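K.L.:
Structure for this input, please:
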Amino acid sequence: ELARYGSGQLANMPQVVVVNKVDAFEFDEYSEEEEIELSRDELKDGLVDTMQHSRLMWMSAKEKEGVEDLMGRMAKFVMSVKQKKADEAALTYQQDS
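P.N.:
Below is the predicted model:
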């Protein structure tokens with residue numbers, strides 16, 4: 001899907017798949033009459049089979065589970081992108097001097 005969007009460059013960007021609402025997978029929240037169509041393991045297997053990377057995270061914003069991990073991972077990624085751009089700018093400056 002990402003490859004078909006716009007110029008397709010989005011598919012080449014680093015990705016993290018975040019599954020939210022994992023609290024909804026808790027069986028005790030459902031009555032015996034309700035069925036969960038996919039187990040968490042089945043969902044994971046399906047996602048891993050279609051992803052071209054292994055960055056899969058589980059979170060529950062409601063329960064605040066996994067939120068800090070996601071924010072930390074995103075902050076680390078943003079810092080690495082900024083550092084890469086700074087390094088490229090410094091290299092360009094050195095080559096131009």
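
K.L.:
immediately after the worst-scoring helix or strand of the chain on mean pLDDT, which helix or strand?
P.N.:
Least confident element among the helices and strands of the chain, by mean pLDDT, DSSP states H and E: helix 40-50 (a mean of 83). As assigned by DSSP states H and E, the chain's next helix or strand after helix 40-50 is strand 56-58.

K.L.:
about what we covered before: what comes up buried for the least confident helix or strand of the chain?
P.N.:
Residues of helix 40-50 classed as buried under the neighbour-count rule (16 or more other CB atoms under 10 Å) are residue 43. Backbone N, C-alpha and C define where each C-beta goes, glycine included.

K.L.:
What is that helix packed up against?
P.N.:
Using 3 or more CB pairs under 8 Å, 6 or more residues apart in numbering; DSSP states H and E, the elements in contact with helix 40-50 are strand 17-19, strand 56-58.

K.L.:
Take those strands and write them to TSV, including mean neighbour count and distance to residue 67.
P.N.:
Compiled in TSV, these are given as follows (neighbours: other CB atoms under 10 Å; distance: least, CB to CB, whole Å):
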stretch	mean neighbour count	distance to residue 67
strand 17-19	16	10
strand 56-58	16	10
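
K.L.:
just to revisit the earlier point, any idea how far the least confident helix or strand of the chain is from the chain center?
P.N.:
Per CA atoms, centre = their mean, to the nearest Å, the displacement of helix 40-50 from the mean C-alpha position of its chain is 14 Å.

K.L.:
and what of stretch 78-91?
P.N.:
Relative to its chain's centre, stretch 78-91 lies at 22 Å (CA atoms, centre = their mean).
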